[in-house]
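>>> quick one, structure for this:
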Amino acid sequence: MPQPTLNDLTTAALKFRDEREWKQFHNFKDLAVTLSLEAAEVLEHCQWKNGRELEQHLKDQREHVSDELADVLHVLLLLAEHLDLDLADAFDKKLHKTAKKYPVHKARGTSKKYTDL
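Residues are numbered from 1 along each chain as shown. I've put the predicted structure just below:
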């Protein structure tokens with residue numbers, strides 16, 4: 001079975017939303033707030049854990065972390081649709097911009113910000 005595309009996922013997210021008549025609640029501000037809250041739920045898995053403890057937690061809680069990441073993607077797809085953005089195209093363009101800021105020969109193996117390379 002082929003993997004779904006971003007368009008397929010967006011269609012599924014919109015169908016889910018529309019079947020419940022939730023579009024009325026999905027203004028950009030509230031979706032952006034929800035995105036931040038869902039991302040915080042991902043971050044919560046890292047709180048107070050480091051190294052091996054964190055790696056073990058992520059392994060043990062893989063399904064739950066997966067669910068939280070899926071929630072982030074769901075809201076992100078709704079935000080992109082709200083602005084009629086092609087998220088795949090936006091990602092591609094942003095990756096090219098970032099590649100210019102972080103050329104391989106300067107950025108490989110360092111965590112420095114592009115202004116410090």
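
>>> going forward, measure contacts between C-alpha atoms and count neighbours the same way
OK.

>>> so which helix or strand takes in Arg17?
Using DSSP states H and E, Arg17 falls within helix 6-19.

>>> name the residues that touch that helix?
Contact with helix 6-19 is made by Lys23, His74, Leu77, Leu78, Glu81, Leu87, Ala88, as judged by C-alpha atoms under 8 Å, 6 or more residues apart in numbering.

>>> in that helix, what's buried?
Buried residues in helix 6-19, counted by 16 or more other C-alpha atoms under 10 Å: Thr10, Ala13, Leu14, Arg17.

>>> and which of those residues is nearest to Val65?
The closest of the buried residues of helix 6-19 to Val65 turns out to be Ala13 (C-alpha to C-alpha; 19.3 Å).

>>> check that closest one and give its pLDDT.
Note on Ala13: pLDDT of 98.

>>> what about it, distance to Glu53?
Plainly put, Ala13 is 34 Å away from Glu53 if you go by C-alpha to C-alpha, to the nearest Å.
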